[in-house]
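A.B. asks: Any chance you could fold what I've pasted below:
(one chain, ligands or ions: 3)
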Amino acid sequence: MTVSAIVGAAGLKPTLAAIMAGKDVGLANKETLVMAGRIVMDAVAAQGVRMLPVDSEHSAIFQALQAGRREDVKKIILTASGGPFRGKTPEQLQRVTMEDALNHPKWKMGRKISIDSATLMNKGLEVIEAKWLFGTPVDDIEVLVHPQSIVHSLVEFQDGSVIAQLGIPDMRIPITYALSYPERLALPLPSLNLAECARLDFYQPDRRSFPALDLAFDALRSGGVQPAVLNAANEIAVEAFLQDRIDFTSIVDIVSSTMDRMQGGSEENLEDILEADVEARRRASVLSGLAVRR
Ligand SMILES: NC(=O)C1=CN([C@@H]2O[C@H](COP(=O)(O)OP(=O)(O)OC[C@H]3O[C@@H](n4cnc5c(N)ncnc54)[C@H](OP(=O)(O)O)[C@@H]3O)[C@@H](O)[C@H]2O)C=CC1
Ligand SMILES: CC(=O)[C@@H](O)[C@H](O)COP(=O)(O)O
Ligand SMILES: [Mn+2]
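C.D. replies: Ligands and ions are numbered 1, 2, ... in the order given. Sure, this is the predicted structure:
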């Protein structure tokens, strides 16, 4: 098996190369499926290899799906921690710092995904990842904020049964499951203590404070190269934020403006996707240079 765990668009070509070499893939690099989900999943089918999710929510869905038949799935529900800025208004978000944004409440992760979690773009990317991994129609994918990060995601079946995967928030669990599937290896981790958790909360996402989520749904519904455009613009804007060149709220503004300025187009060929990626990066870089600091 090849584990695809580098960050960003740079993960796409090596992941495809592993598939074409006949390797099963453990996928952490969600950007691969955001950019080129159809091409990648077609290659997985053609090569007869397995794509096993490492991302915690997708590992949870993959496990929950084993409780029933695909045709009996009603919807999948991705949970989101809400990130470090859960509960903040758009006005309050204009004053947050890079240090605050990198301070994820539940997971210790790389800088890019930590910022994506703070904007909720991470959940948007995960919606697109779920569509391709599980072949779920976009209208059957929901997002629920769950601040405790204990319920890693859920699947609702036609009969009303909802199957969830729970566990302490520790990436060793989904990583090991991808590596050992279908076996489950013993891990030296504490058991989940539900009595200690006491409560598990769920909320609708705040789409006004965190418009990145709807940008990702829009990109998925538009189809073609639009998810690759979303991803490329986001990578440029996140990097500009991490270099202290733009404000936090400019990240999503830049992604939105870049999407508006691009023509769309079919994503049948990898070349078309890579061209859209380059053009979106160019436009997002210009917009980053123009963004006014508050
Ligand atoms: N961290 C987590 O808990 C989770 C992460 N993911 C996903 O996994 C991926 C990695 O995230 P994370 O580990 O947090 O990120 P990190 O920033 O911690 O690590 C990224 C890694 O990618 C490598 N890398 C970056 N660009 C290139 C390149 N062009 N060629 C080769 N290697 C490169 C880096 O190498 P170097 O250090 O040499 O620069 C580094 O080892 C992301 O797609 C993320 O969304 C998904 C779920 C959970
Ligand atoms: C650990 C993992 O899978 C991350 O992708 C995590 O989901 C980030 O948390 P958010 O729910 O805050 O985006
Ligand atoms: Mn995740």
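
A.B. asks: what helix or strand is the closest residue to V7 other than its chain neighbours on?
C.D. replies: Using CB to CB, 6 or more residues apart in numbering and skipping the chain neighbours, the partner closest in space to V7 is K112 (5.2 Å). The way it works is simple: take the backbone N, C-alpha and C, and place the C-beta from them, glycine included. Using DSSP states H and E, K112 sits in helix 111-119.

A.B. asks: Does anything pack onto that helix? Which helices or strands?
C.D. replies: helix 98-102, helix 121-134, helix 226-242, helix 248-261 (3 or more CB pairs under 8 Å, 6 or more residues apart in numbering; DSSP states H and E).

A.B. asks: Kindly confirm whether my reading is correct that the residue nearest to V7 touches I6.
C.D. replies: No: the criterion here is CB atoms under 8 Å, and K112 misses it with I6 at 10.7 Å.

A.B. asks: So which bits of stretch 229-243 are buried?
C.D. replies: When burial is assessed from 16 or more other CB atoms under 10 Å, stretch 229-243 yields the following buried residues: 229-242.

A.B. asks: swap that for stretch 244-260, sorry
C.D. replies: Quick answer for stretch 244-260 (16+ other CB under 10 Å): 246-252, 254-259.

A.B. asks: go on, stretch 261-275?
C.D. replies: M262, G265, E267, D272, I273, L274.

A.B. asks: Next: stretch 73-81.
C.D. replies: Result for stretch 73-81 [16+ other CB under 10 Å]: buried residues V73, I76, I77, L78, T79, A80, S81.

A.B. asks: Those in strands, which ones?
C.D. replies: Secondary structure from DSSP state E places V73, I76, I77, L78, T79, A80 of these in strands.

A.B. asks: so how far is D116 from the residue of the stretch 101-250 of the chain found nearest ligand 1?
C.D. replies: When scored by CB to the nearest ligand atom, the stretch 101-250 of the chain has G110 as its residue closest to ligand 1, at 2.5 Å. Note on G110: its distance to D116, by CB to CB, to the nearest Å, is 10 Å.
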